[in-house]
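Visitor: Predicted coordinates and the sequence they were generated for:
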Amino acid sequence: MTQFSEKKGSDNIKNIIQKVIGTISESNISKQGKIQQVWDKIAQEEGFQAVKLAGMKDNQITVYVDSSARLYAMKLYKNLILSKIKKEMPEIEKIYFKIGKVK
């Protein structure tokens, strides 16, 4: 009888853990989707070319650019871009630009 109740309890814990992990995963996916939409909107409004949103982690986003010249130009607009992003997603704290693959 003890073995049965332990097994049933472990099944409940297993289900709870799966639900929690699933909820966290869904939350991260929805945040990634939202930041992508916000970035696409800003990039289109500002006419940014050869840039690509790399991702978001710990309320910071990383954007890849194709060259050092574009990196310099994007850094000039960093505060403007960040303020536009914060209007849609206030939890975003920083934006980083890096040279990387944009295609």
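Guide: Thanks, I have it. Numbering: from 1, shown residues only.
Visitor: Can you classify Gly55 by secondary structure?
Guide: On the three-state scheme (DSSP: H, G, I helix; E, B strand; the rest coil), Gly55 is labelled strand.
Visitor: Residues in a beta bridge with it, which ones?
Guide: In this structure, Gly55 bridges to Thr62 when assessed by DSSP bridges.
Visitor: count of neighbours near it?
Guide: 13 (other C-beta atoms under 10 Å). All C-beta atoms are positioned from the backbone trio N, CA, C, and that covers glycine.
Visitor: where are the low-confidence patches of this protein?
Guide: For the chain, the stretches flagged by pLDDT under 70 are 1-11, 22-29.
Visitor: how about a cut-off of 50?
Guide: Scanning the chain for pLDDT under 50 picks out the ranges 1-2, 4-5.
Visitor: all helices of it, in order?
Guide: 2-46, 68-76, 78-88 (DSSP state H).
Visitor: and the angle from the last one to helix 68-76?
Guide: Think helix 78-88. 60 degrees (axes from the mean of the first three to the mean of the last three C-alpha atoms, to 10 degrees).
Visitor: Show me what counts as buried in helix 78-88.
Guide: By 16 or more other C-beta atoms under 10 Å, the buried positions in helix 78-88 come out as 81, 84-85.
Visitor: who wins for proximity to Lys101 among the helices of the chain?
Guide: Checking the helices of the chain against Lys101 by C-beta to C-beta gives helix 68-76 as the closest, at 13.2 Å.
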